[in-house]
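Participant: structural data only, the sequence is not supplied:
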């Protein structure tokens, strides 16, 4: 099998991982792009309740405005919130 050359780097096609469910967490998202929340992936009831109180639940639109260190500024329902990376990782878009 041939290796793929990308920007002068050799990439082994067997090491490329594809996500089968097409979901990424919010911390992997791009700035100034709108996403639809597909799932809140946590077993912590209090965390789900907190995100729901912000308006962050399945089917809702969320936009990443900026990323500074491990803090994400997002827009949900015309309101801006700052969340940390751990919280952004449980929001699947």
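Facilitator: That came through fine. It should be emphasised that the depicted structure is a prediction, and the values quoted were computed from it without experimental measurement.
Participant: next structured bit after the longest helix along the chain?
Facilitator: For the chain, the helix with the greatest residue count under DSSP state H is helix 45-54. Later in the chain than helix 45-54, the nearest helix or strand by DSSP states H and E is strand 61-68.
Participant: so which elements touch that next one?
Facilitator: Packed against strand 61-68 by the contact rule (3 or more C-beta pairs under 8 Å, 6 or more residues apart in numbering; DSSP states H and E) you find strand 34-36, strand 71-76. Glycine gets a C-beta too; all of them are placed from N, C-alpha and C.
Participant: try it again with 10 Å
Facilitator: Judged by 3 or more C-beta pairs under 10 Å, 6 or more residues apart in numbering; DSSP states H and E, the packing partners of strand 61-68 are strand 34-36, strand 71-76, strand 79-84, helix 85-90.
Participant: which residues are in contact with that strand?
Facilitator: Strand 61-68 has contacts (C-beta atoms under 10 Å, 6 or more residues apart in numbering) with 26-27, 29-37, 54-56, 72-77, 80-82, 85, 88, 91, 93.
Participant: what lines up beside that strand in the sheet?
Facilitator: Strand 61-68 has the following strand partners under DSSP bridges: strand 34-36 (antiparallel), strand 71-76 (antiparallel).
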